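Trainee: Sequence first, predicted coordinates after that:
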Amino acid sequence: MTPPTAAVITPARQVRGRLRVPGDKSISHRYAILAALADGASRVAGYSSGADCRSTLGCLAGLGVVVTDGPAGQVTLLGRGIGRLRSPDGPLDAGNSGTAMRLLAGVLAGQTFTSRLVGDESLSGRPMRRVIEPLERMGARIEATDGHPPLVVHGARLHAIAHAPAVPSAQVKSAVLLAALHAEGTTTLAEPAPTRDHTERALAAFGATLDAGAGRIAIGGGQRLTARDVVVPGDFSSAAFWLVAAAALPGSRIEIEEVGLNPTRTALLDVLRRFGAIVRIEITGEDAGEPRGTIVVEGDRTGAVEIAPGEVPALIDELPAIAALAAHGGEVRVRGASELRVKESDRIATLVRGFRALGLDADEQPDGFTVAPGAARAGGGAADACGDHRMAMAFAIAALGATGPSRIEGADSVSISYPGFFEMLDRLVA
């Protein structure tokens, strides 16, 4: 079903229900790429249904990887092995996905051919210098337009480096780790702050040896990966919108099953507790080092939430959802989040503009925003998501607190990560 370009959201007293969310987007990208580099056929169950992860599969197919869709979201990839990808016949289209472009740049840096990575208008405006710089230090040559896509990656024989990024980024870290598999020597990375560790866990699951701990990662080049069957857990960042809705509306109860519970992703749960929600989790299993389980959130009371700069790296994808708490009675203040300006949209400017259009009192700062409580109940409005999937979902959750219908322009952008979001919203509201 093609999502509408605009959605009308009616107010809700509560949200209630039990559900599962699509497969984790971050993990899906990584499993697909590592399966492509492994020896043998890997089956990935629960692969994300979003457009971003389909872009990764399309790029891998362009590099000679045989990709086969199976039942119930299963994808099988016949890996070509380290250093054996095929020179593409044309550009590799990452669509809207910065993760696909940055991680694939790391892979392509160590190949024996030249390739061109392109993306849509939004992705073409996103900065790539932070990933270009370490890959060029390793020996590759990458052409860009003032540091932006498209990227022309001239693969080369790589050598190990020691890399200490100034800004924490799981995508840059992952690109360097993937390039390191193709490099001579041991590559080390020092993180200024912890970021999601899906790549490290996935590398170990596919048979790589690496030393990770205390903010430092070391990985030797020349390793081979072994194909395996893996299961992608539900996407925590997609679940975040339902968890926030439950926390924001007293009397609500949302239960999400089979969702990823990687501790580098679940900082939102502590934020919701600070807001006043009742939060319970139960780990029910683990696959490829990724824990999964059930989260229950019940709305109880509301309070103010302040996100300090040190918390931002662990909450970067959830900050739009957190902002929606203010539409239901709690002030939200975020600092140290300038990274939001270089996402699918300038998320600080888009968020403030959209929340004001919905009747909220929102203020923009260079590295964050403040949204005051309560003003959303002045009647609804119309907010433009500017083609950004997380903005569309955040505006929808905020609009539940209005006193009249609200219109979300650009609602079709949810297909990037969560097809069916608005249909699920209709099912959960009460």
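Mentor: Cool, the structure landed.
Trainee: Tell me which stretches of this protein form helices.
Mentor: Using DSSP state H, the helices found in the chain span residues 25-37, 51-62, 98-108, 121-124, 129-137, 170-180, 198-205, 236-248, 267-275, 319-323, 347-357, 389-399, 421-428.
Trainee: I'd guessed residue 245 sits against residue 399; true?
Mentor: No - with contact defined as CB atoms under 8 Å, residue 245 does not count as touching residue 399 (10.6 Å). The way it works is simple: take the backbone N, C-alpha and C, and place the C-beta from them, glycine included.
Trainee: any idea how far the residue lying closest to residue 117 once chain neighbours are set aside is from residue 102?
Mentor: Spatial nearest neighbour of residue 117, chain neighbours left out: residue 151 (4.4 Å); criterion: CB to CB, 6 or more residues apart in numbering. Noted for residue 151: a distance of 9 Å to residue 102, by CB to CB, to the nearest Å.
Trainee: Now do the shared contacts for the two.
Mentor: Shared between the contact lists of residue 151 and residue 102 (criterion: CB atoms under 8 Å, 6 or more residues apart in numbering) are residues residue 128.
Trainee: re earlier: wait, isn't the residue nearest to residue 117 in contact with residue 143?
Mentor: Yes - with contact taken as CB under 8 Å, residue 151 and residue 143 are classed as touching, separated by 7.0 Å.
Trainee: Kindly provide the distance from residue 311 to residue 268.
Mentor: In this structure, residue 311 and residue 268 are 10 Å apart, going by CB to CB.
Trainee: out of the two, which sits in the busier spot?
Mentor: Ranked by neighbour count (other CB atoms under 10 Å), residue 311 and residue 268 place residue 268 first, with 25 against 19.
Trainee: My understanding was that the more buried one contacts residue 322; is that so?
Mentor: Yes - applying CB under 8 Å as the test, residue 268 and residue 322 come out as touching, 7.0 Å apart.
Trainee: Other residues contacting stretch 134-141?
Mentor: Residues from elsewhere that reach stretch 134-141 (CB under 8 Å, 6+ apart): 105-106, 108-110, 142, 153-161, 163, 165, 172, 175-176, 179-180, 183, 187.
Trainee: what's around residue 164, how many residues?
Mentor: Residues near residue 164, counting by other CB under 10 Å, number 12.
Trainee: Excluding covalently adjacent residues, which one is nearest to it?
Mentor: In space, and not counting its chain neighbours, residue 164 is closest to residue 190: 4.3 Å by CB to CB, 6+ apart.
Trainee: Now do the one you found, the pLDDT please.
Mentor: Turning to residue 190, the model gives it a pLDDT of 96.
Trainee: what sits against it?
Mentor: With contacts taken as CB under 8 Å, 6+ apart, residue 190 has the following neighbours: 162-164, 215-216.
Trainee: So which of those residues wins on neighbours?
Mentor: Scoring the contacts of residue 190 on neighbours with other CB under 10 Å, the highest-scoring entry is residue 163 at 21 neighbours.
Trainee: From the chain's centroid, how far away is stretch 358-369?
Mentor: 23 Å (CA atoms, centre = their mean, to the nearest Å).
Trainee: In it, which residues are buried?
Mentor: In terms of neighbour count (16 or more other CB atoms under 10 Å), stretch 358-369 has its buried residues at 358-362, 368-369.
Trainee: In TSV: these, plus pLDDT.
Mentor: Putting the buried residues of stretch 358-369 into TSV (pLDDT from 0 to 100) gives the following:
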residue	pLDDT
358	91
359	87
360	88
361	90
362	93
368	96
369	97
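Trainee: So which of those residues sit within strands?
Mentor: Applying DSSP state E to the buried residues of stretch 358-369, the entries found in strands are 362, 368-369.
Trainee: between those, which is nearest residue 337?
Mentor: Sorting those by distance to residue 337 puts residue 368 at the head of the list, at 4.9 Å, by CB to CB.
Trainee: now the closest one, which residues is it bridged with?
Mentor: residue 365 (DSSP bridges).
Trainee: what's the distance between it and residue 5?
Mentor: From residue 368 to residue 5 the distance is 30 Å (CB to CB).
Trainee: what does residue 312 give?
Mentor: For residue 312 relative to residue 5 (CB to CB), the value is 31 Å.
Trainee: which residues touch the residue nearest the centre of the chain?
Mentor: Among the residues of the chain, the smallest C-alpha distance to the mean C-alpha position (CA atoms, centre = their mean) belongs to residue 26, namely 5.3 Å. Contact analysis of residue 26 by CB under 8 Å, 6+ apart lists 99, 170, 196, 198, 235, 237.
Trainee: same deal with residue 275?
Mentor: Shown here is residue 275, whose contacts under the criterion CB under 8 Å, 6+ apart are 247-248, 302-303, 305, 325, 330.
Trainee: would a markdown table of those residues with distance to residue 16 and neighbour count be doable?
Mentor: Output for these, formatted as a markdown table (distance: CB to CB, whole Å; neighbours: other CB atoms under 10 Å):
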| residue | distance to residue 16 | neighbour count |
| --- | --- | --- |
| 247 | 13 | 34 |
| 248 | 13 | 29 |
| 302 | 18 | 21 |
| 303 | 22 | 13 |
| 305 | 23 | 21 |
| 325 | 18 | 29 |
| 330 | 20 | 22 |
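Trainee: where does the protein dip in pLDDT?
Mentor: Along the chain, the model assigns pLDDT under 70 to residues 1-4, 374-379.
Trainee: One more pass at 50, please.
Mentor: In the predicted model, the chain carries pLDDT under 50 at residues 1-3, 375-378.
Trainee: For residue 83, give its distance to residue 114.
Mentor: 15 Å.
Trainee: Just the residues contacting stretch 104-113, thanks.
Mentor: The set of residues external to stretch 104-113 that reach it, using CB under 8 Å, 6+ apart, is 33, 37, 56, 59, 83, 85, 87, 92, 94, 115, 117, 128, 131-132, 135, 138-140, 142, 151, 153, 155-158, 174-179, 181-183.
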